[in-house]
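S.K.: The sequence and its predicted three-dimensional model are supplied below.
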Amino acid sequence: MARRQSPRRTLLITIVAWTIGLLMFFPIFWTAVAAFKSESDAYSLPQTVLSTPWTFENFGIVQDRSDYFRYVFNTTVIVVLSTLLGLMFAIPAAWSMAFAPTAQSRSSLSGRQWLAIIFSGLVICFLGLYFTDWKPSNALVGFALLLIFVVPGSLWAWSQNTSGTLLWMLSTKMMPPAGALIPIYLIFNRNGLVFKDWGWINLSDYNLIDSFWGMVPLMTLLNLPIIIWMLFTYFKEIPVGILEAARMDGASLWNELFRVLTPMALPGIASTCLLNIILAWNEAFWSLNLTNKYAAPLSFFISEYSSPEGQFWAKLSAASIMAIAPILVIGWFSQKQLVRGLTFGAVK
Amino acid sequence: MGGLPRWHILSGIMATRQAQVLGRWALAPAVTVLAAWSFVPLALTIYFAFLRYNLQDPDNTGWAGFSNFYYFFKDPYFVKDLINTVLLVAGTIVTTVVGGTLLALLLDQPFWGRGIVRLLMISPFFVLPTVSALVWKNLIMHPVFGLFAGIQRFFGSHEPLDWFGRLPLFSVGIVVSWQWLPYAALILLTALQSLDEEQKDASAMDGAGPLSYFRYIVLPHLARPITVVILIETIFLLNTFAEIKVGGIGGIAGNLTYLVFSQLNDATDVGMAAAGGLVAVVLANVVSAFLVRLVGKNLEA
Amino acid sequence: MGSITLKNVRKAFGDTVIIPGLDLAIADGEFVVFVGPSGCGKSTLLRLIAGLEDVTSGTISIDGEDVTEAAPAKRGLSMVFQSYALYPHMSVYNNIAFPLKMAKMDKAAIDAKVQTAAATLNLTQYLQRRPGQLSGGQRQRVAIGRAIVRNPRAFLFDEPLSNLDAALRVGMRLEIGELHHKLGTTMVYVTHDQVEAMTLADKIVVLNAGVIEQVGSPLELYKSPANQFVAGFIGSPKMNFVTGAPAVNRNAATIGVRPEHIKISKDTGEWAGTVGVAEHLGSDTFLHVNAAALGTLTVRAEGEVSVSYGDRVFLTPDLNRIHRFDANGVVIR
Ligand SMILES: Nc1ncnc2c1ncn2[C@@H]1O[C@H](COP(=O)(O)OP(=O)(O)OP(=O)(O)O)[C@@H](O)[C@H]1O
Ligand SMILES: [Mg+2]
C-alpha cells in the first residue's frame, strides 16, 4: 500500500470502514452489554447501553445453573482429542499424497469384475434372506450391506490415483449430515435400537451417544478431509530432497515423518490445527443431535437457553459471551493463518 | 480421474517401488476410515429408506418398497422446505459474495485502524451458530425487547415487526449472512492483497479508470477465490441446522436438514427420515458434483 | 571398499526412455565425474545408484553385492544434494549427527564423530547454528559433513557447487579434491561444469542422452576424444569444427582444432580471416576470427595480442593436433 491518497479520502474511507466494522460487531457488543445488566435492566424499555449498576452476577448464575465449566471441559476434550486423532491419520496420508503420489489409476478391476463383486454380494444376500425365511437378522443385513456397498466402495476409493483420492476425500465433506444422521443415531443409541448385537460384540454394552467415545471419532471424521487437504498443500511446499536425504541417512518412515517432515511443516500444521479447532468448536448439528449431558459441548449448552421458560435475557447474554469468548480470542489471534485453511488451501 | 497429475512431473517425488508401497500403507488408515464413514452410513440410510420402521414400534419392521419416498414427497413440508433450502443457500451466497467483494475492496484501501476494523469485521465468523441464532432472535429481532423493535418504536411505530414470527426465512437468512459475510470478505481481501501493486500502476498508466480497472483486472483475479467461497459456503449452508432449530422456526420455515431431523425426532419415523436423508444426499451431490469439478480444476492447477 | 558396477542399466519414466542401457564400472577409491549437457540423465543415473529411483531393468552392484532392490539407506552410500537438503529445524550438530542417530549409535560415539567431521570441515564454531544462519559454502560443508560421518562406501555428489558463487566454487572444489585424497573413498560426482570435471576426476564419464559417449581420464578425453560430441564438450573454449575443403584434403568429413592449437599471424598462414570480438583475459586472449567459408573460428593466444576489430589475420592449425572425424562424427585414427 505504498500508494498515497488525499487525507480527505482517507478520512472518508476510515469513517465508512469503521461504521461497517462496528455494525458487523454490534450484535456481539450488544450481547456483551446485556450480559452485564441486571435481569430487570435487561427488560426495561427503552433499551440502554449504559445501565447502572453493572453486575457480574449473571456469569455466576450461569455457572451455577448450567455448570458452564463442564461444557468448556467437554468442548475442549472433543476439540483437542479430535484434532490430535485427525493429525495421526492425516500426517501419513498427506505425506503419501504429497511425496509418493500414484499417477495412474491403480484399479486392477474391470467393469465386469465390479459387476461380479456386486452381483455375488446380491446372491449371498438373497441366499441369506431365503434361509432366514425373509426375516434377516441384523447381523445378516449388516453383512449384506457390507458386501454390496462398503466393500466395492472402499475398493473403488482405493483404486483412485492421488488426485482422485484427494477429490474423493473432499467430496465426503459434501455428504450432508442429514444423510448419515439416521444410521449414526441408531448405532450410537444406547437403547439397542439396531445393529447392536453382532454375536461377538454387543454395542449395547457401550455407550456411544452422549459420550466422548462417540463424539471424538465423529468429529475427527467430519474434519479429516479438511485436515488432509490442508496438510497436503503445506507438504507440497517442502522440497522432496530433504526427505530423500533423510531416507539416505537411514531414517525409517516413522522418523522421516515425525523427526524431519513434521518439525519442518510445523507452522502449517499449527494453522491446520487452529482451523480444525474452530470448526470443531462451532460444530452444532451432531452436537445437538447426539449429546445432551455428559459429552455435551458449548453448542448444546447455549441451546438450552432457547426454550422460553421464563425471561432471562441477561443470563442468555452472559452464557453467549462465555461460549464464544475463548474461540473469538483464538480466532482473532490466528486470523492471518486461517485464511489459507478456510479455502482448503486454494487461496494463499 | 485418469492421467498424470500435473505436479507429478513438475516436482520431485519419491517414485521408487518402495516409496510407493510405503505411501500406500501410509494412506491406508485415512482412506479406510473415510471410506467407512462415507459408505457405511450411506448404505444403511439406503437400507432404512426402504424399511417400514418407526421407533414407537421398533419390532414391527418390514419392507416398505418406495412408500417412504412416496409419503416423503407428498408431505407438504417437503416442497416448502426444499424451496426454503434453495432460497437460503442462494440468498446467503449472493448476499455474502456481493457484500464480501464490496467489503474487501473497502478494506483494501489504506485507512486508520485497519487492523482493528478487520478484527471487528471477522468476529461474527467465530460465533457459535447456536449463539448467533439466540442473540439475533432475542436481543436484536425480538418484537418487544429487541433492538430493531426499539428502533421502530423510536420512529413512532406501535407494533414493531416480529421478525422471526413473520419473516422467519428472511430472518435466518440475515443471521446466516451475518456469519458468512466475514468469511467471504476475509478470503476476497486476502486475494485482493495478492494482486500486485504493479498491475494497479500499469493499468493506471494504460488509462483505465477505477471501473474498468475493477472490471478487467480485479474481477478476473477474484474469480477463483469467489468460486472457492461459493463452494465452501454451499457445503455448509445446505446443512444449516442449528440456526433453524435454536431459532425455533423449524415448523414454519425449516429446510431439508431440519425436515429429516424432525421426521426422526418428532415423528420417530426412521424410514421416512432415511428417505428424506437420501433426497438431501442426492441434492447435495448434484450441486457439489458441479462445484467440485469447477474447483477441482482450480485446485490442481 | 566401494566399487560400483552398473550392468545394462535402463531407466524409463513411463514411455520416455532416459537411459537406454548402460554399463559402467567404478573402481574402489576412484573419483568419477559424470558430465553431459543439461537433461542428459546425469542426475537420474546418480539417483539410480543411490536408490532414490528404481531401475527399469539391469543390475547395480556395490562391492560385488547386488543392491538393485535395496533401500537407499542399505546401500551404504552418502549423497550430497545440489540444494544441500539440510534439515532446517536442526542445528548443524544435529544435522551431522542425524544419520548416526538413525543408526542408533551411542551418544559418546556420535559426539566424537561429529566433532571430528566438524574439525575436518572447519565447522566447529558453527555447530550450534541452524542451517538458515550459514553462508552457502558453510551449508555445503555441513552437507558434506553429514555425508562423511557415516563412513560410506562411496559418496555421491549431485552438482554440489552449482549454487555457490564463482570464487567460493573454486575453493570448495579444492576442498573436495583434498577430501578425496584424505579419505580415499570412492566418489561419484555430477556436474556440467567441465573445469570441475577436468580438475577433480580420475575418470570422466561423458553422457549424452543417457548414453555413455566416452570414459577416460581427463587428459585422455582432451587429447583423444572418441567422437565429435566429446571433442566439443571437453575443453574450453570449445573445439573448432571445420568442414569443406580443409577437411576433405585430410580425408575426413569434419576436422576439429582446439583454439589453443591454432597459430595466429599477421602476414602468413593456412586460413585467412578478419578479427571479430577479442576477449582479453590478461593471461590469454580469445579471438573470434571470421574465416569466410570456414565460419567463425575461436583462437586462443597466450598473453596479449595486438590485433583489433576488423584486422586481417592468418591462422595455421597445429598439424599434429588436428582431430579428424568421419561423417558419423566418429574419430578417424
Ligand atoms: N520424475 C520424472 N518423470 C519424468 N521425467 C523425468 C523425471 N525426472 C527426470 N526426468 C527427465 O529425465 C531427463 C534427465 O533428467 P536429469 O535430471 O537426470 O538430467 P540432468 O542430466 O541431471 O540435467 P541437469 O544438468 O539439468 O541437472 C530429463 O529429460 C527429465 O525431464
Ligand atoms: Mg541434474
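M.R.: Sure thing, it's come through. Ligands and ions are numbered 1, 2, ... in the order given.
S.K.: Work out for me the element the closest residue to ligand 1 within the stretch 101-250 of chain B sits within.
M.R.: Of all residues in the stretch 101-250 of chain B, the one sitting closest to ligand 1 is residue B:224 (27.9 Å; Cβ to the nearest ligand atom). Every C-beta, even on glycine, is put in place using the N, C-alpha and C of the backbone. For residue B:224, the host element (DSSP states H and E) is helix B:219-238.
S.K.: Show which residues not belonging to that helix make contact with it.
M.R.: A:173-174, A:176, A:342-344, A:346-347, B:85, B:88-89, B:92-93, B:96-97, B:100-101, B:176, B:180, B:183-184, B:187-188, B:190-192, B:195, B:256-257, B:280, B:283-284, B:287-288, B:291-292, B:294-295, B:298 (Cβ atoms under 8 Å, 6 or more residues apart in numbering or on different chains).
S.K.: Return a PyMOL selection command for the buried portion of the residues you listed.
M.R.: To isolate the buried ones among the contacts of helix B:219-238 in PyMOL, judged by 16 or more other Cβ atoms under 10 Å in any protein chain shown, type:
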select buried, (chain A and resi 173+174+176+342+343+344+346+347) or (chain B and resi 85+88+89+92+93+96+97+100+101+176+180+183+184+187+188+190+191+192+256+257+280+283+284+287+288+291+292+294+295)
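S.K.: quick one: which of the contacts of helix B:219-238 sit in helices?
M.R.: A:342, B:85, B:88-89, B:92-93, B:96-97, B:100-101, B:176, B:180, B:183-184, B:187-188, B:190-192, B:256-257, B:280, B:283-284, B:287-288, B:291-292, B:294-295, B:298 (DSSP state H).
S.K.: Quick check: what element follows the helix or strand containing residue C:138 along the chain?
M.R.: Assessed by DSSP H and E, residue C:138 sits inside helix C:136-148. The element immediately downstream of helix C:136-148 (helix or strand, assigned by DSSP H and E) is strand C:154-158.
S.K.: chain center to stretch C:96-108: distance?
M.R.: On the basis of Cα atoms, centre = their mean, to the nearest Å, stretch C:96-108 sits 32 Å off its chain's mean C-alpha point.
S.K.: Briefly note if that stretch comes near chain A.
M.R.: Yes. On the criterion Cβ under 8 Å from any Cβ of the partner chain, stretch C:96-108 is in touch with chain A at C:98, C:99, C:102, C:103.
S.K.: Can you give the distance from stretch A:324-342 to the centre of its chain?
M.R.: How far stretch A:324-342 lies from its chain's middle: 15 Å, per Cα atoms, centre = their mean.
S.K.: same question for that stretch, mean pLDDT?
M.R.: Averaging pLDDT along stretch A:324-342 gives 83.
S.K.: That stretch: which residues count as buried?
M.R.: Quick answer for stretch A:324-342 (16+ other Cβ under 10 Å): A:324, A:326-328, A:330-331, A:334-335, A:337-342.
S.K.: got the CA positions of the helix holding residue C:138 in CSV?
M.R.: C-alpha atoms of helix C:136-148 as CSV (Å, rounded to 0.1, in the frame of the first residue of the first chain):
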residue,chain,number,x,y,z
GLY,C,136,26.2,-21.1,1.1
GLY,C,137,29.7,-22.5,1.4
GLN,C,138,29.2,-23.4,5.1
ARG,C,139,26.0,-25.1,4.3
GLN,C,140,27.7,-27.1,1.6
ARG,C,141,30.3,-28.2,4.2
VAL,C,142,27.6,-29.2,6.6
ALA,C,143,26.0,-31.3,3.8
ILE,C,144,29.4,-32.9,3.3
GLY,C,145,29.9,-33.4,7.0
ARG,C,146,26.6,-35.2,7.2
ALA,C,147,27.8,-37.4,4.4
ILE,C,148,31.2,-38.3,5.8
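S.K.: re the thing from before, in helices, which of the buried residues of stretch A:324-342 fall?
M.R.: Per DSSP H, the buried residues of stretch A:324-342 map to helices at A:324, A:326-328, A:330-331, A:334-335, A:337-342.
S.K.: Considering these, which is situated nearest to chain B?
M.R.: Ranked by distance to chain B (Cβ to the nearest Cβ), these are led by residue A:331 at 3.7 Å.
S.K.: how many other residues sit next to the nearest residue to the closest one once chain neighbours are set aside?
M.R.: In this structure, residue A:331 finds its nearest non-sequential neighbour in residue B:126, 3.7 Å apart by Cβ to Cβ, 6 or more residues apart in numbering or on different chains. By other Cβ atoms under 10 Å in any protein chain shown, 24 other residues sit near residue B:126.
S.K.: show me the residues around residue B:126 that make contact.
M.R.: A:278, A:282, A:324, A:327, A:328, A:330, A:331, A:332.
S.K.: re the thing from before, could you identify the most distant pair in the residues of stretch C:96-108 next to chain A?
M.R.: Within these, C:98 and C:103 form the most distant pair, 9.7 Å apart (Cβ to Cβ).
S.K.: Compare the two (neighbour count), which wins?
M.R.: Neighbours per residue, other Cβ under 10 Å: of residue C:98 and residue C:103, the larger number sits with residue C:98, 26 against 14.
S.K.: Quick check: pLDDT value at residue A:163.
M.R.: Note for residue A:163: predicted pLDDT of 79.
S.K.: Near ligand 1, which residues of chain C? Just list them.
M.R.: Counting by Cβ under 6 Å from any ligand atom, chain C comes close to ligand 1 at C:13, C:16, C:18, C:36, C:38, C:39, C:40, C:41, C:42, C:43, C:44, C:192.
S.K.: mind checking the longest helix of chain A?
M.R.: Longest helix in chain A, counting by DSSP H: helix A:68-99.
S.K.: Any buried residues in that one, and which?
M.R.: Neighbour counts over helix A:68-99 (16+ other Cβ under 10 Å) mark A:68, A:71-72, A:74-75, A:78-79, A:81-83, A:85-87, A:89-99 as buried.
S.K.: Also stretch A:280-297?
M.R.: For stretch A:280-297, by 16+ other Cβ under 10 Å, it's A:280-291, A:295-297.
S.K.: average pLDDT for it?
M.R.: 88.
S.K.: So what touches that stretch?
M.R.: So stretch A:280-297 is contacted by A:71, A:74-75, A:77-79, A:82-83, A:177, A:181, A:184-185, A:188, A:209-212, A:214-215, A:218-219, A:222-223, A:298-300, A:303, A:326-327, B:126-130, B:239, B:241-242, B:245, B:257, B:261 (Cβ under 8 Å, 6+ apart).
S.K.: Which among the residues you listed count as buried?
M.R.: A:71, A:74-75, A:78-79, A:82-83, A:177, A:181, A:184-185, A:188, A:209-212, A:214-215, A:218-219, A:222-223, A:298-300, A:303, A:326-327, B:126-130, B:239, B:241-242, B:245, B:257, B:261.
S.K.: And chain B, is the helix or strand where residue A:223 lies touching that?
M.R.: Per DSSP H and E: residue A:223 is located in helix A:212-235. Yes. Contact between helix A:212-235 and chain B, assessed by Cβ under 8 Å from any Cβ, occurs at A:221, A:224, A:225, A:228.
S.K.: residue ranges of the helices in the stretch 101-250 of chain C, please?
M.R.: Ranges of helices within the stretch 101-250 of chain C are C:107-120, C:136-148, C:166-183, C:194-200, C:218-223, C:228-233, C:245-249, based on DSSP state H, counting those that start in this stretch.
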